[in-house]
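A.B. asks: Let me see the structure of the following:
(chains A and B)
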Amino acid sequence: MNSKSMLIEKIVKRTLWFLLSMLLLSIVVFYFARLAPGDPLQSYYGDAVESMTSPELDAARERLGLDGPIALQYVKWISNAAQGDFGMSLKYKMPALDVIAPLIGNTLILGGVAYILVFALATILALFCAMHEDTWIDRIICKVGTAAYYIPSFWLGVVLVLIFSINLGWLPSSGAYDIGKSDDLFNRIQHMILPLTVMILSHLWYYAYMIRNKLLDEIRKEYVLLAKSKGCTKSEIVLKHCFRNVAPTIVSIMAISIPHVLSGTFIAEAVFNYPGIGALSVTSAKYHDYNLLMLIVLITGVMVVSSSIIAQFINEAIDPRMKLTEVTAWKETPQTPLS
Amino acid sequence: MEGNATDPFVLVGANYKTYESAEKKISFWQRIKSMPILSMVILGIIILGCIFAEQVYNHDPTGFYLQNLNQPPNSEFYFGTDSLGRDIYSMIWYGGRVSILIGLLGMAIITVIGVIYGCVSGTANSRVDSIMMRIPELINSIPNLLLILLLTSVMGTQNIVKISFVIGVTGWCGLARIVRSEVRQIRSSEYVLAAQCMGSGFFHIMIKHLIPNFISTIMFVVVSSIGLSISMESTLSFLGLGLPVDVVSWGSMLSLANKALLSNSWWVIIFPGVFLITTLVCVTNIAYYFRKETNKRESYL
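C.D. replies: I've put the predicted structure just below:
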């Protein structure tokens, strides 16, 4: 079996596992959502429910897929979902997919930029700290970083809004762009500065610390001594030798971190009223809009799984040790007469 | 019986447990010194202030002082009043109880689920183990916040127990994974096998043999989960999905932050936040104390 087909097999396995887990999750959520207090009809029709006659109510239930036992409702929902119909959003009174579609892009831009910036800065910070291990500057960065990580990000966001948009008036406090300026790139960037700052400050140290520790393990390996005796400078050793060896670990950390960073994006969106699926998920949780929430969970799951598959590809490209061929090559070595 | 402290082989008698070597006494003071004293003192003051809130506060924390809406800090209202006319200074001490209680409850739920799940998974055979370890993987593949949103939305109106439950149920995965890997290392030790041979049950082995062995490893996670629960509660309350405004906690006080922004009343945002963060940083510092420093070799750089 060659490496390519094994890779495909791996991806297929992963996707199947993902589908299975989403199925399980959707069953659990669907079941709980139907048991939950708060009548979905009430949130769809508002107070008009009270003046409806019982045949009208039954008709409304049927239209929203709320009639029959829960198992039957679920089967109906899943078969519709397979055809791309995820049901009506109870709050916005339109198909859930139509509510979400224009917002995904915003979230991906914010999350993606934050993700790249967090890891770029974390790597730089980690390299800097590792080179200056146990000096005063490393210690200060460690202390400040730990404290910054434990500041709740929503509070940081509110304080930044208080300082920079209300008292200084430099930056806008909410939204993704001013009205009528959706194509203005500068305006968009202006709106992204505060959410990005919050996300970077609240995630940076967590990952910088992980990478720093990996680097500290790495500079205790013997090849560093060899490189040093060869006459390499400190920065040469760290950048050319150690960093190369740590790079696959960073990619792995990046792959695992996606749900974490997405969580942060959601909070930042909610604080700054940024029109993305994070802010939407908070409002739909408030209004018990389960159809919408389910779809958000599914989309987020797809994002997480697909990006972790991409991370695996990148890892194999930059680190030959990760390749599966290594394992098969080892198996093909001639057996010793003893066995 | 009379042992020489420098002699590695000390003869001990029946009452050997009362024997204390000279080294132990010194290490006690050293241990005190290595403790994060500042964090412990600050945290102690905050906790005592919250417990004896009735003596500390000077206004009724649940009372609405309608003549004094949005007052900046002054001599009567030390930290000012919020948009509902409540005294922030009194609310901080009173609300701290709820926040800390949620932190402790969240920690308890996380620890109980994480330890039991990890022990079961670690001692089970490999097939059950691999299935059991898939569940935390599944939970972790969805952003934690989204799961909590789903659960809170399903739960309906929140109270202290419900919110701790939601935080606990979504937060145990990391701990379970650590416990499992620790248990897998010690599960085939002689003393565990011996206990099994003597017919002791799962919970007996877990409490007597497994937990004492990995407790030092998990202490860091356990203690820092107090901080995580407190911070998650405040985030949820801020988003309007946590405790209602009339249940005073640091989080529900901060849920008025958006209103406070409009009237530019910084004291509503800053004071509860400072208390919240001070508590979180102190808890984390104490948690770091429990993390055993790995033996570091000399750097080659």
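
A.B. asks: What strand or helix carries residue A:30?
C.D. replies: Following DSSP states H and E, one finds residue A:30 within helix A:3-35.

A.B. asks: Show me what that helix is packed against.
C.D. replies: Helix A:3-35 sits against helix A:70-82, helix A:290-318, helix A:324-331, helix B:126-140, helix B:144-155, with contacts defined as 3 or more C-beta pairs under 8 Å, 6 or more residues apart in numbering or on different chains; DSSP states H and E. The way it works is simple: take the backbone N, C-alpha and C, and place the C-beta from them, glycine included.

A.B. asks: Whether the fourth one contacts chain A - can you check?
C.D. replies: Just to be clear, that refers to helix B:126-140. Yes - applying C-beta under 8 Å from any C-beta of the partner chain, one finds helix B:126-140 touching chain A at B:138, B:140.

A.B. asks: Please work out the average pLDDT along that helix.
C.D. replies: Across helix B:126-140, the average pLDDT comes to 82.

A.B. asks: buried set for it?
C.D. replies: Judged by neighbour count using 16 or more other C-beta atoms under 10 Å in any protein chain shown, the buried positions of helix B:126-140 are B:129, B:132, B:133, B:136, B:138, B:139, B:140.

A.B. asks: Contacts only, for the last one.
C.D. replies: So the one you mean is residue B:140. By C-beta atoms under 8 Å, 6 or more residues apart in numbering or on different chains, the contact set of residue B:140 is A:259, B:173.

A.B. asks: Kindly provide the distance from it to residue B:134.
C.D. replies: 11 Å (C-beta to C-beta, to the nearest Å).

A.B. asks: give me the number of residues near residue A:202?
C.D. replies: Using other C-beta atoms under 10 Å in any protein chain shown, residue A:202 is surrounded by 23 other residues.

A.B. asks: Any figure for the gap between the residue positioned nearest the centre of chain A and residue A:19?
C.D. replies: In chain A, the C-alpha nearest the mean C-alpha coordinate belongs to residue A:262, at 2.9 Å (C-alpha atoms, centre = their mean). Look at residue A:262 and residue A:19: by C-beta to C-beta, they are 20 Å apart.

A.B. asks: Residue A:173 too?
C.D. replies: If you measure residue A:173 against residue A:19 using C-beta to C-beta, the figure is 41 Å.

A.B. asks: for residue A:245, same thing?
C.D. replies: With C-beta to C-beta as the criterion, residue A:245 and residue A:19 are 36 Å apart.

A.B. asks: what about those two, which has more around it?
C.D. replies: Using other C-beta under 10 Å as the criterion, residue A:245 and residue A:19 rank with residue A:245 on top: 16 against 12.

A.B. asks: Run through the stretch 51-200 of chain B and note the low-pLDDT ranges.
C.D. replies: B:156 (pLDDT under 70).

A.B. asks: So which bits of it are right by chain A?
C.D. replies: Near chain A, when you scan the stretch 51-200 of chain B using C-beta under 8 Å from any C-beta, you find B:138, B:140-146, B:149-150, B:152-157.

A.B. asks: my guess is residue B:253 contacts residue B:83, does it?
C.D. replies: No - the pair residue B:253 / residue B:83 is not scored as a contact, 11.2 Å apart, by C-beta atoms under 8 Å.

A.B. asks: Looking at the two, which is more packed in?
C.D. replies: residue B:253 (29 against 14).

A.B. asks: what angle sits between the helix or strand harbouring residue A:122 and helix A:290-318?
C.D. replies: Counting by DSSP H and E, the element that carries residue A:122 is helix A:96-131. Relative orientation of helix A:96-131 and helix A:290-318, computed by axes from the mean of the first three to the mean of the last three C-alpha atoms, to 10 degrees: 40 degrees.

A.B. asks: in helix A:96-131, what counts as buried?
C.D. replies: For helix A:96-131, the neighbour count (16+ other C-beta under 10 Å) marks A:96-97, A:99-100, A:103, A:106-107, A:110-111, A:113-115, A:117-119, A:122-123, A:125-127, A:129-131 as buried.

A.B. asks: Return the distance of it from the chain's centre.
C.D. replies: With C-alpha atoms, centre = their mean, to the nearest Å as the basis, helix A:96-131 stands 8 Å off its chain's centre.

A.B. asks: Can you name the next helix or strand after it?
C.D. replies: Defined by DSSP H and E, the subsequent element after helix A:96-131 is helix A:136-149.

A.B. asks: Could you list every helix and strand that that next one packs against?
C.D. replies: In terms of contacts (3+ C-beta pairs under 8 Å, 6+ apart), helix A:136-149 is packed against helix A:96-131, helix A:185-218, helix B:266-290.

A.B. asks: and the stretch 51-200 of chain A, which residues reach chain B?
C.D. replies: A:131, A:133, A:146-147, A:150-155, A:158-159, A:161-162, A:166-167, A:173.

A.B. asks: go again using 10 Å as the cut-off
C.D. replies: A:130-131, A:133-134, A:143, A:146-159, A:161-163, A:165-167, A:173-174 (C-beta under 10 Å from any C-beta of the partner chain).

A.B. asks: Mind giving me the PyMOL select for the residues you listed, buried ones only?
C.D. replies: To isolate the buried members of these in PyMOL, using 16+ other C-beta under 10 Å:
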select buried, chain A and resi 130+131+146+148+149+150+151+152+153+154+155+156+157+158+159+161+162+165+173+174
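
A.B. asks: can you dump the C-alpha coordinates of stretch A:85-103 into CSV?
C.D. replies: What follows is stretch A:85-103 as a C-alpha-only set of coordinates in CSV (Å, rounded to 0.1, in the frame of the first residue of the first chain):
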residue,chain,number,x,y,z
ASP,A,85,-33.0,22.4,4.2
PHE,A,86,-32.1,23.0,7.8
GLY,A,87,-35.4,24.3,8.9
MET,A,88,-36.7,27.7,9.6
SER,A,89,-35.0,30.1,12.0
LEU,A,90,-37.6,30.7,14.7
LYS,A,91,-36.4,34.3,15.4
TYR,A,92,-35.7,35.6,11.9
LYS,A,93,-38.6,33.7,10.3
MET,A,94,-36.5,32.7,7.3
PRO,A,95,-34.6,29.5,6.4
ALA,A,96,-31.7,29.1,8.8
LEU,A,97,-29.2,28.7,6.0
ASP,A,98,-30.2,32.1,4.6
VAL,A,99,-29.6,33.8,7.9
ILE,A,100,-26.2,32.4,8.3
ALA,A,101,-24.8,32.5,4.8
PRO,A,102,-24.0,36.3,4.6
LEU,A,103,-22.3,36.1,8.1
